[in-house]
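Q: just need the structure, nothing else, for what follows:
(2 chains)
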Amino acid sequence: MAGLGPSFGRGAMTNHFSDFKNADVIWAMGSNNAENHPVSMAWVQEARAKGGKYIVCDPRFTRSAALADIYAPLRSGTDIAFFGGLMKYIIDNELWQKEYVENYTNATFLVNPDFAFDDATGLFSGWDEDTNSYGTSDTWKYQIDSEEPWDISETGPFAWTQAPGVPAFAPKVNAIAKKDPTMQDPDCVWQLMKKHYERYTPEMVSKVTGCPEDKLLEVYEVFASTGAPERSGTILYAMGQTQHTYGSQNVRAMAMIQLLLGNVGVAGGGINALRGEANVQGSTDMGVLFHIIPGYMPTPVATKHANLTAWIEAETPAASYWTNRPKFMVSYLKELYGDFATLENDYAFDMLPKLDGTNHSHIAVFEAINNDIIKGVMCWGQNPAVGGPNSVFEREMLGKLDWLVAVDLWETETASFWKAPGVDPSAIQTEVFMLPAACHYEKQGTVSNSGRWIQWRYKAVEPPGEALDDLEMIHELYHKLKEMYEADGGANPEQITKLNWPYETDGKADITKVAHALNGYTIATGELLPNFPALKADGTTACGCWIYSGYYNNNDAKDDPSQQPTGSRGKDDPGGLGLYPKWAFSWPVNRRIVYNRASADVNGKPWNPERMLVEWDGTQWQRNDVPDFGFQVVAPDGTITPTPPGKTAFIMNPEGTGRFFAIGTGMKDGPFPEHYEPFETPARNLFNGRQNNPALTFGSAESVKPSDPEKYPIVCTTYRVTEHWQTGGLTRNIPWLAEAMPAMFVEMSEELATEKGIANKDRVKVFNERGSIEMYAIVTPRFKPFDIDGQTVHQVGMPWHWGYGSGHATGAIANDITPNVGDANTSIPEYKAFLVNVEKV
Amino acid sequence: MAENAILYDASKCSACKGCQVQCKQWNMMPSSLGKDENEFTGSYQSMPDLNGDTRLLIEFREEAKANGIEWAFSRRACFHCAEPTCMEVCPAGAISKLDDGTVKLDNTKCVGCKYCTAACPFEVPKYREAFNVSNKCTLCDDRVAQGREPACVQTCPAAALTFGPREDMLAAAKTRLDELKAEGFDKAELYGETEMGGMHSLFIAPFGLEAHGLVRDPKKPDAIALFALIKPLTGIAAAAVFGGLGLSFLTGIGYSRDEITLDSASAHDDAKEEN
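A: Have a look, this model is predicted:
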């Protein structure tokens, strides 16, 4: 997701599963969608039935590959080489969609002339060896043409900033970039991009990826065909793209390809992140990541944001829809602290937890335990003892804690880490609490799927025994903490004691009250707001997560989710494009395909009339979807004036365009994706002089124990199978699913098996410096050795669903040997490419 | 009543096993409740074959060919033959043909003699030890009677399984076969149109019958004619009387599973009478 935001402005799946049917070409790259999202195949097959092509690229021949029109192999971790080659192919063969690129992207923008990339060092301009970072990336910026200060006059668009109650902050000045519409200036993004990917020839890409050149070109040719204006192609990706030390750049590369081909904002197009968990979209919407608070707003940093004014001034851009950020922030603070939040006390901004400027991602948490900073952990529906990278180390760290609370449906390996094989329970002092949780059928609330649809689900049965709904647990915990702070005081007690907590009815936690908070309401009346345009920065509205506003806005049935947009189950599909506007609510404002202005040309005519999302008919916008641009102005008296077609197709980006060049600090490791080798690799980086991503995180942590390619020459990757889910905590406890895939295995080629004297079904060990694990071997032609620059490179792969704990199927933990190194932007661990060796037991 | 059929299109199947698990769930067929009691098959296939508690199994076969890997998925379950040999040999009258072509095994009548397994050219019915009965797909006749699809069909996410009047399924299968040939699946075949008198579970095999483990030109075992003679005499007593004959028939066609003895057949006989 961290690659999508800096490209398009929002870090979310652009389209939806049911939209795949509209595609001319569907490309699964870093996604094994038939395996992990089997339902997605319904729409893939629908597209194929209409003549669509389905391409699968993967290091191994997967269940998706079995159904593909084209399958192309590539070595794990070489996606950017593959994508870079495609960009060069599209540019060289003039297959890009010209009108789209010229008008809806930053191709014409001029960049600071000091920007450079040096392939001898593999570094972009601005690298600082001392801080190991690009710092403020000063050269990754546009040349400025003119400056437009905000119009804060009474009739101006920023009049709201002067209203009583709005925190004081300096109005912004919008810097307009210089452009060259001919795209000939050597400093324009187009020329820089062209130059950057010059090195990515099919020969080089083939040498690095191991994908035969003819296969490579076959994929390029078919996917590049969607550059024709009336054609659309979609890319499906998942953790195969993200779980690399340059995972965010993998996603950026896809975003650039889709902009080149004019595939963003159109039906059957987009970049579709198939999320790995039913509600992971909802989780990130709610800000469970350390660097964001709900609604994708930056978490305050102590050194940067001394007060609310500082936060607003630093984090509000001068243009784009994000200029409304002060409204979202003040409304958020009003929800959190209610009456306690006033203009005078900075709307209780001081109560918000602040970051200390250091990384607090998953890997960092365990490093912090190692450094005696973290003493207690709550693992809420998470099983790091199986799912974390270098899980041997993570289990060891759990043993350093004073206390651990594990909230789950079963006793997971995390809850039982102290009785793992080889562990002496008497040597572990950690006090472990296990809280049994209700499962999804035993509680109600919303789940937000990959396509941003927020769907209400109802409780079917009561949870068994002492199991509780998560909200009930939090509710109880809150009241207990409040009681203790009130009685005993403590550091900054008001953070808890002053919290606004009206989420109950008759003393019992009530999730519909949480829904009111997330949707937002007028404080004086309690009236639910129709949508986020109604939010104010003057303290009169409250909203827990601005992007959700509108999902629960029916004031006539506040207690009844079925009468709310999120509970709506209408099956109408005007336009026949699978948008289903009345099925649940899709954030933002029930838009099904974001950036849909780009589905039509500059005059508002759809590139493909069969796939019309919006169309300017000369007097107004006809629409099958909610427009993602200013399409009309509603005067205070209700008069509607349609807005004729403009070129702003990406309203969340200040410049209004999609970005080939990621400006400023949007990406921490370069404005253009560049190939680096995985942290552990048997190959030399042939594209530039830097072996690994210079900005990767945790590479020097002692716990990582890098594996030397001389001793461990085999590339290994991890993945999931249809039959199981995540760490298997759920599925290994369901006898039917345990039976469906009963044992842990490693898959390898016949060639490697012969070399190692291994037969199918043999017990083998897979090992590196971090650990050694034992499992069955599957010897299969679906794995093939790669020819990497004339050298044979073997690859093996393992699923990661097994553990020693509860359930009907136990087995080795794959993550015992995965590296705890992270992506430069997100610190997601590099689960997908590392080194091992294999031996028959 | 029109004849119904399931159409399984292996070219659309992703082998997710949703059908396999849903079959167990709807029909209340258990899996092991112990720890690590399931056998590892050496592939993605859950178990080596159908068993007493498993009526539907997704099978995996793979072969490297010059133009790539052929990973052939197969749905293994009863084909519901128009001329079901299992029915012909059943001494207890437990197997019957419904109007829509479904071959139904009534486990309240089954005596667990395993003749059906032996007589089936596909060895589909399996012995269910805990209940001493044979077990196989019933085409979810309980659901179909209520106007619903079989459980496996309903659960298939990718429309690889469809269900309806056999004529329609056949027509759809033939259209699909043409599409596959046009796409380059030269070896694609339809299975079940004429085999065993015409089946009620049709199978589109994109890589050809053998690649999907399908028996080409299945035949009734020769001794069936003999059993036809027994038929009028069927009933539990007849099973006991002609048990010896049955055994020689089974041996004749190479049946080599758990031995059936006259004693075991009689034991059933006794148990039945006590009830």
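
Q: for residue A:243, give me its contacts.
A: Residue A:243 makes contact with A:823, A:828-832, according to C-beta atoms under 8 Å, 6 or more residues apart in numbering or on different chains. For the C-beta atoms, the positions are set from N, CA and C on the backbone; glycine is no exception.

Q: quick check: phi and psi on it?
A: phi -80, psi 60 (degrees, to the nearest 10).

Q: now do residue A:63
A: With angles defined as degrees, to the nearest 10, residue A:63 sits at phi -60, psi -30.

Q: my guess is it contacts residue A:720. True?
A: No. Counting by C-beta atoms under 8 Å, residue A:720 is not a contact partner of residue A:63; they are 11.3 Å apart.

Q: isn't residue A:672 right up against residue A:115?
A: No. With contact defined as C-beta under 8 Å, residue A:672 does not reach residue A:115; the gap is 10.0 Å.

Q: looking at the two, which is more packed in?
A: The neighbour comparison of residue A:672 against residue A:115 (other C-beta atoms under 10 Å in any protein chain shown) goes to residue A:672, with 25 against 20.

Q: quick check: buried residues in the longest helix along chain A?
A: Counting residues, the longest helix found in chain A (DSSP state H) is helix A:470-488. By 16 or more other C-beta atoms under 10 Å in any protein chain shown, the buried positions in helix A:470-488 come out as A:470-475, A:481-482, A:485.

Q: for stretch A:143-155, same thing?
A: For stretch A:143-155, by 16+ other C-beta under 10 Å, it's A:143, A:150.

Q: can you show me the CA trace of that stretch as CSV?
A: Output of stretch A:143-155 as CSV, limited to C-alpha atoms (Å, rounded to 0.1, in the frame of the first residue of the first chain):
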residue,chain,number,x,y,z
GLN,A,143,10.8,23.0,-10.4
ILE,A,144,8.5,25.7,-9.3
ASP,A,145,6.7,27.9,-11.9
SER,A,146,4.5,30.0,-9.7
GLU,A,147,3.0,30.2,-6.3
GLU,A,148,-0.7,30.5,-5.3
PRO,A,149,-1.5,31.3,-1.7
TRP,A,150,-4.8,30.0,-0.3
ASP,A,151,-7.7,32.3,-0.8
ILE,A,152,-9.0,32.8,2.7
SER,A,153,-11.3,35.6,1.9
GLU,A,154,-15.0,35.3,2.9
THR,A,155,-16.0,34.0,-0.5
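
Q: who touches that stretch?
A: A:110-113, A:156-159, A:161-162, A:171-179, A:187, A:318, A:323.

Q: all strands for the stretch 401-550 of chain A, in order.
A: Per DSSP state E, counting those that start in this stretch, the stretch 401-550 of chain A carries strands over the ranges A:403-408, A:431-436, A:445-448, A:453-457, A:504-505, A:508-509, A:521-522, A:541-542.

Q: where does the stretch 1-150 of chain B dip in pLDDT?
A: B:1 (pLDDT under 70).

Q: now swap in chain A and tell me
A: Where chain A drops to pLDDT under 70, the residues are A:1.

Q: show me how it divides into domains.
A: As assigned by automatic domain parsing, chain A contains the domains A:1-105+A:211-277+A:587-675, A:362-463, A:702-840.

Q: ok so, going back, any common contacting residues for residue A:672 and residue A:115?
A: Common neighbours of residue A:672 and residue A:115 (criterion: C-beta under 8 Å, 6+ apart): A:124, A:192.

Q: pull the distance from stretch A:215-230 to the chain's centre.
A: Relative to its parent chain, stretch A:215-230 has a centroid offset of 26 Å by C-alpha atoms, centre = their mean, to the nearest Å.

Q: buried residues, that stretch. List them.
A: Neighbour-count burial for stretch A:215-230 flags A:215-220, A:222-224, A:226-229 (criterion: 16+ other C-beta under 10 Å).

Q: can you show me the CA trace of that stretch as PDB?
A: Listed next in PDB are the C-alpha coordinates belonging to stretch A:215-230 (Å, rounded to 0.1, in the frame of the first residue of the first chain):
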ATOM      1  CA  LYS A 215       8.200 -15.800 -22.200                       C
ATOM      2  CA  LEU A 216       9.100 -12.300 -21.000                       C
ATOM      3  CA  LEU A 217       8.300 -10.700 -24.300                       C
ATOM      4  CA  GLU A 218       5.000 -12.700 -24.600                       C
ATOM      5  CA  VAL A 219       3.900 -11.300 -21.200                       C
ATOM      6  CA  TYR A 220       5.000  -7.800 -22.300                       C
ATOM      7  CA  GLU A 221       3.200  -7.900 -25.600                       C
ATOM      8  CA  VAL A 222      -0.100  -9.100 -24.200                       C
ATOM      9  CA  PHE A 223      -0.100  -6.800 -21.200                       C
ATOM     10  CA  ALA A 224       1.100  -3.800 -23.200                       C
ATOM     11  CA  SER A 225      -1.800  -4.300 -25.600                       C
ATOM     12  CA  THR A 226      -4.000  -2.700 -22.900                       C
ATOM     13  CA  GLY A 227      -2.400   0.700 -23.700                       C
ATOM     14  CA  ALA A 228      -5.000   1.000 -26.400                       C
ATOM     15  CA  PRO A 229      -7.500   3.500 -25.000                       C
ATOM     16  CA  GLU A 230     -10.500   1.200 -25.200                       C
END
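
Q: ok so, going back, can you check which residues contact both of residue A:63 and residue A:720?
A: Shared contacts of residue A:63 and residue A:720, defined by C-beta under 8 Å, 6+ apart, are found at A:32, A:35.

Q: neighbour count for the two, which is higher?
A: Neighbours were counted for residue A:63 and for residue A:720 using other C-beta under 10 Å; residue A:63 has more, 25 against 18.

Q: please identify the helix or strand for residue A:101.
A: According to DSSP states H and E, residue A:101 maps onto helix A:98-104.

Q: show me what contacts the residue nearest to residue A:531 when sequence neighbours are not counted?
A: Closest residue to residue A:531 apart from its sequence neighbours, by C-beta to C-beta, 6 or more residues apart in numbering or on different chains: residue A:550 at 3.9 Å. Residues counted as contacts of residue A:550 (C-beta under 8 Å, 6+ apart) are A:519, A:529-532, A:565, A:585, A:587, A:589-590.
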